[in-house]
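Participant: Give me a 3D structure for the following:
(2 chains)
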Amino acid sequence: MINETPRVRFAPSPTGYLHVGGLRTALYNYLFAKHNNGTFILRIEDTDRNRFVEGALENLLDTMEWVGLVPDEGPRQGGISGPYIQSERLDIYKKYADELIESGKAYYCFCSSERLEELRDTQLKAKVAQVKYDKHCLNLSKQEISDRLKNGESHVIRLNVEPGSKVKIKDIVRGNVEFDRSTIDYQVLIKSDGYPTYHMANVVDDHLMKITHVIRGEEWLPSTPKHVLLYEFLNWEIPEFAHLPLLLNADKSKLSKRQGDVAVEDYREKGYLKSSLLNFVAMLGWSAGDDKEFYTLKELIENFSLERVQKSGAVFNIDKLNWLNAEHIKNQTNEELLPFLKKELEKSEFRDKTFSDEYLLKVAGAMKSRLNFYGDFIERSSYFFEEPKTYSQDIVDKRWKPETPEHLNKLISEFEKLENPVHDQYEISLKKVAEELNIGGGKLIHPVRLAVSGIGVGPGLYEILEILGKEEVIKRIKTAIDKIKLD
RNA sequence: GGCGCAUUCGUCUAGUGGUCCAGGACGCAGCCCUCUCAAGGCUGAGAUCACGGGUUCAAAUCCCGUAUGCGCUACCA
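Facilitator: Down below sits the predicted model:
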């Protein structure tokens, strides 16, 4: 076991989108596998036909690939222990269920859902310590069972839990956890439609796929004793368990759709980077023990260990994600930024205009430290793509004085003398004009910014001028003089 | 109700018996830089380490209780 390279799996059910909690689980599995030179497997748990969602599987697979958590074995890449979709493995579960029945560790149950409901109600009313199935069908004779089976009566297969010693679980993040056998319900293993329940399918598959470490959300901890019993009954080696703390809403309940975006597709759509999403989600429940917070995937792989995952749940704090996303954007080179900015342009009203890479690279550099998401980009820098259509009234009121047009005309004639000016030349010219007029630089800078961008915020003025170019700058100043009229 | 897990600034966390009257980050406030907005730098407010008992010369750190929160309790996963 010690020298065995680990095999781990992320086993989502395809509900239509990838939940960020699922992303975190997938990431930890991935990091653990890659850190230890192991294998990361993706298995689809689609055994609930009532929750079948058209297209959900493809979407899930696409999203996993987008974030970069590409499995070594899975529905798309195949592998030595496929198929990796549970609905394609029905006969396998049936085989082991039969085996359990054979050995008396499971039994057929013909109880109707009505009877089950009634049973629950009476137990609830009687305030019994614990509500669970009454083993009614355990006492059926062999003859009766085969008769009813032959008649095609609807039935399930249940786990037969008998009194005995406590079920002990060794969990890498939580230590030892014990459960009394009497508290374990007689879980349905195979449903009446022939599909297995999660409990049956996950144990059978984890064994057959040679999973060494089961890394999953804490919500599975209470049902782990059922799984351990199944391993025992089937005489299989029990894998290691690591139950991850939950991701929480601001009110500390389990992270849910009701309280904000929960699908990684949503974040992708908003222009979050996969690198910051991964970085953020990794830090919810794990830390290397130092103060480092900015990680690349590669660094996460290098440093990750299950022993350092936190025990308690973590609130999904969007403010911190936003900060981290801005950090990741700033950390990108202009060249890395370029394709994303092009994509934003493509989505914008400027999609029909063309701009050179050289130009866009400069815009990227200027805007980099002013973005929270790629989605902010166009909105905050539209003046690089078209001349201002309007001028912010607040800024006009504050910065545009009766004498401003005259000053700007003087500036224009100074700018006109320049040849291929860059940053510094604009500055020198402007300072010179200000001096001649005996005014502060701000008296020119702010109106020019307004004239050229229509707004009062953005990169340094000279940087904007350099990017826009002399002709455009002069044209825009003239237009502004023409259009901005004071009452 | 039963079973289980958890509990350090608002939030994410560091801390594994003395260096912690608890460190970092986000957010918040202020200052600096400055042509604006960001970024960056600095400073500050913010945690009697859930509470109560032990153990120990010494506890956020070990033990036991209590409280609170959360999860599970389906022929859902």
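
Participant: drop to CA atoms for contacts and neighbour counts, all remaining ones
Facilitator: Noted.

Participant: who touches the residue lying closest to A:Val67 once chain neighbours are set aside in this structure?
Facilitator: Spatial nearest neighbour of A:Val67, chain neighbours left out: A:Lys274 (5.3 Å); criterion: C-alpha to C-alpha, 6 or more residues apart in numbering. With contacts taken as C-alpha atoms under 8 Å, 6 or more residues apart in numbering, A:Lys274 has the following neighbours: A:Trp66, A:Val67, A:Gly68, A:Arg268.

Participant: for A:Arg449, same thing?
Facilitator: By C-alpha under 8 Å, 6+ apart, the contact list for A:Arg449 reads A:Ile455, A:Gly456, A:Leu461.

Participant: Let me have the residues you listed in JSON lines, adding pLDDT, secondary structure and neighbour count as columns.
Facilitator: Compiled in JSON lines, the contacts of A:Arg449 are given as follows (pLDDT from 0 to 100; DSSP: H, G, I helix; E, B strand; the rest coil; neighbours: other C-alpha atoms under 10 Å):
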{"residue": "A:Ile455", "pLDDT": "95", "secondary structure": "coil", "neighbour count": "22"}
{"residue": "A:Gly456", "pLDDT": "94", "secondary structure": "coil", "neighbour count": "19"}
{"residue": "A:Leu461", "pLDDT": "97", "secondary structure": "helix", "neighbour count": "20"}
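
Participant: PyMOL command to pick out the buried ones of the contacts of A:Lys274?
Facilitator: In PyMOL, the members of the contacts of A:Lys274 classed as buried (16 or more other C-alpha atoms under 10 Å) are selected with the following command:
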select buried, chain A and resi 67+268
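
Participant: Also near RNA strand B: which of the contacts of A:Lys274, exactly?
Facilitator: Restricting these to those near RNA strand B by C-alpha under 7 Å from any atom of the strand leaves nothing, as none qualifies.

Participant: Present the contacts of A:Lys274 as TSV; the columns should include pLDDT and secondary structure.
Facilitator: Conversion of those to TSV gives the following (pLDDT from 0 to 100; DSSP: H, G, I helix; E, B strand; the rest coil):
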residue	pLDDT	secondary structure
A:Trp66	97	helix
A:Val67	97	helix
A:Gly68	97	coil
A:Arg268	93	helix
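
Participant: thinking again about what came up before, where does the residue nearest to A:Val67 land on pLDDT?
Facilitator: Confidence per residue is given as pLDDT, and for A:Lys274 that number is 96.

Participant: now what about whatever helix or strand A:Leu300 lives in, what contacts it?
Facilitator: Under DSSP states H and E, the secondary-structure element containing A:Leu300 is helix A:297-303. Counting by C-alpha under 8 Å, 6+ apart, helix A:297-303 makes contact with A:Leu31, A:Phe32, A:Lys34, A:His35, A:Ser275, A:Leu278, A:Asn279, A:Ala282, A:Ala288, all of which sit outside it.

Participant: want to throw those residues into CSV with neighbour count, distance to A:Ile41 and secondary structure?
Facilitator: Conversion of the contacts of helix A:297-303 to CSV gives the following (neighbours: other C-alpha atoms under 10 Å; distance: C-alpha to C-alpha, whole Å; DSSP: H, G, I helix; E, B strand; the rest coil):
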residue, neighbour count, distance to A:Ile41, secondary structure
A:Leu31, 26, 12, helix
A:Phe32, 26, 12, helix
A:Lys34, 18, 12, helix
A:His35, 17, 15, helix
A:Ser275, 18, 21, helix
A:Leu278, 22, 18, helix
A:Asn279, 24, 21, helix
A:Ala282, 23, 19, helix
A:Ala288, 14, 25, coil
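
Participant: give me the subset of the residues you listed touching RNA strand B.
Facilitator: Among these, the residues within reach of RNA strand B (C-alpha under 7 Å from any atom of the strand) are A:Ala288.

Participant: Which of the contacts of helix A:297-303 sits closest to RNA strand B?
Facilitator: Sorting the contacts of helix A:297-303 by distance to RNA strand B puts A:Ala288 at the head of the list, at 6.8 Å, by C-alpha to the nearest atom of the strand.

Participant: Quickly note the distance from that closest one to A:Val281.
Facilitator: The span separating A:Ala288 from A:Val281 equals 14 Å under the rule C-alpha to C-alpha, to the nearest Å.

Participant: what do you get for A:Glu269?
Facilitator: With the distance defined as C-alpha to C-alpha, A:Glu269 ends up 17 Å from A:Val281.

Participant: More neighbours: these two, which one.
Facilitator: Counted by other C-alpha atoms under 10 Å, A:Glu269 and A:Val281 do not tie: A:Val281 has more neighbours, with 21 against 12.

Participant: which residues touch the closest residue to that one other than its chain neighbours?
Facilitator: Nearest non-adjacent residue to A:Val281, counting by C-alpha to C-alpha, 6+ apart: A:Arg24, 5.6 Å away. Contact partners of A:Arg24, counting by C-alpha under 8 Å, 6+ apart, are A:Leu278, A:Val281, A:Ala282.

Participant: Secondary structure element holding the residue of chain A most remote from its centre?
Facilitator: Residue farthest from the centre of chain A, counting by C-alpha atoms, centre = their mean, is A:Glu436 at 57.7 Å. Taking DSSP H and E as the criterion, A:Glu436 maps to helix A:423-437.

Participant: Is RNA strand B within reach of that helix?
Facilitator: No: using C-alpha under 7 Å from any atom of the strand, helix A:423-437 stays clear of RNA strand B, with a minimum separation of 8.1 Å.

Participant: Whatever helix or strand comes next after that helix: which residues count as buried?
Facilitator: For helix A:423-437, the succeeding helix or strand toward the C-terminus, using DSSP H and E, is helix A:442-453. Residues of helix A:442-453 classed as buried: A:Lys443, A:Leu444, A:Ile445, A:His446, A:Pro447, A:Val448, A:Arg449, A:Leu450, A:Ala451, A:Val452, A:Ser453 (neighbour count, 16+ other C-alpha under 10 Å).

Participant: Please report the distance of the third one from RNA strand B.
Facilitator: Counting by C-alpha to the nearest atom of the strand, to the nearest Å, the gap from A:Ile445 to RNA strand B is 5 Å.

Participant: shouldn't that residue be in contact with A:Gly460?
Facilitator: No: in this structure, A:Ile445 sits apart from A:Gly460 without contact. The criterion is C-alpha atoms under 8 Å, and the distance is 9.8 Å.

Participant: what's the span of stretch A:249-266 from first residue to last?
Facilitator: With C-alpha to C-alpha as the measure, the ends of stretch A:249-266 fall 17 Å from one another.

Participant: Give me the contact list for it.
Facilitator: Residues external to stretch A:249-266 that are found in contact with it (C-alpha under 8 Å, 6+ apart): A:17-21, A:23, A:63, A:246-248, A:267, A:313, A:315-317.

Participant: how about a cut-off of 10 Å?
Facilitator: For stretch A:249-266, the surrounding residues in contact (C-alpha atoms under 10 Å, 6 or more residues apart in numbering) are A:16-23, A:59-60, A:62-64, A:66-67, A:219, A:246-248, A:267, A:269-272, A:274, A:277, A:313-318.

Participant: quick one: that stretch near RNA strand B?
Facilitator: Yes: for stretch A:249-266 and RNA strand B, the contact criterion (C-alpha under 7 Å from any atom of the strand) is met by A:Ala250, A:Asp251, A:Lys252, A:Ser253, A:Lys254.
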